[in-house]
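> Predicted model and sequence below, questions to follow.
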Amino acid sequence: MRILGVDPGSQKTGVGIIDVQGNHLTHVHHTVIRTGKGDFDERLHILFAGLSKIITAFKPDTAAIEDVFVSKNAGSALKLGQARGALIAACGAHGLRVAPYSPTKVKQSVVGFGRADKDQVGHMVRILLHPPEPLPEDAADALAVAICHAHHSPMQNLERKQ
């Protein structure tokens, strides 16, 4: 099974793809979609188009995305929610079901502690997946979302579709 993990952001969105065969996880791809600070509607389009291109290239079987956490800044939370919606729409446009996971659930799944910091998450992702190059923080978070889905998906033991 090939899993797409997404760590949403309105300026930087982490994307990670892993393959799962039984209990074995393999790093396939990671990147960060950068939208810059232009008009918000254009940034949403960049997110949709960027993720669509990745889905077309790597053909994941399923997707997982981190939930929006409530911050003190309501405007930022609303923008993050809209960015997340554009990313979910991109997945839906390619026939992918999207599983949501809270940040705490992702950290618990990867590190074993729901309040782990980003350095701890990145360290465990590197240990579990052995990526071929250094991981940007957002990409490491996206790979952690994919790992979380591999641990919690009802399809976790299915072989990747041929």
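Ah, there it is.

> rest of the way, CA atoms for contacts and neighbours
Fine.

> how about low-confidence regions in this structure?
70-71, 154-162 (pLDDT under 70).

> which stretches of it form strands?
2-7, 12-21, 24-34, 62-66, 98-101 (DSSP state E).

> so where do the helices sit in this structure?
With DSSP state H as the definition, the chain shows helices at residue ranges 40-58, 74-93, 103-111, 118-129, 137-152.

> Let me have the ones you listed in TSV, extended by mean neighbour count and distance to residue 20.
As requested, the helices of the chain are exported to TSV (neighbours: other Cα atoms under 10 Å; distance: least, Cα to Cα, whole Å):
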stretch	mean neighbour count	distance to residue 20
helix 40-58	17	14
helix 74-93	18	19
helix 103-111	21	15
helix 118-129	17	11
helix 137-152	27	7
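
> Nearest to residue 21, out of the ones you listed?
Nearest to residue 21, of all the helices of the chain, is helix 137-152, at 9.7 Å by Cα to Cα.

> name the helices or strands packed onto that closest one?
strand 2-7, strand 12-21, strand 24-34, strand 62-66, strand 98-101, helix 103-111, helix 118-129 (3 or more Cα pairs under 8 Å, 6 or more residues apart in numbering; DSSP states H and E).

> Dump those into CSV; add distance to residue 141 as well.
As requested, the helices and strands packed on helix 137-152 are exported to CSV (distance: least, Cα to Cα, whole Å):
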stretch, distance to residue 141
strand 2-7, 6
strand 12-21, 7
strand 24-34, 10
strand 62-66, 9
strand 98-101, 12
helix 103-111, 9
helix 118-129, 7
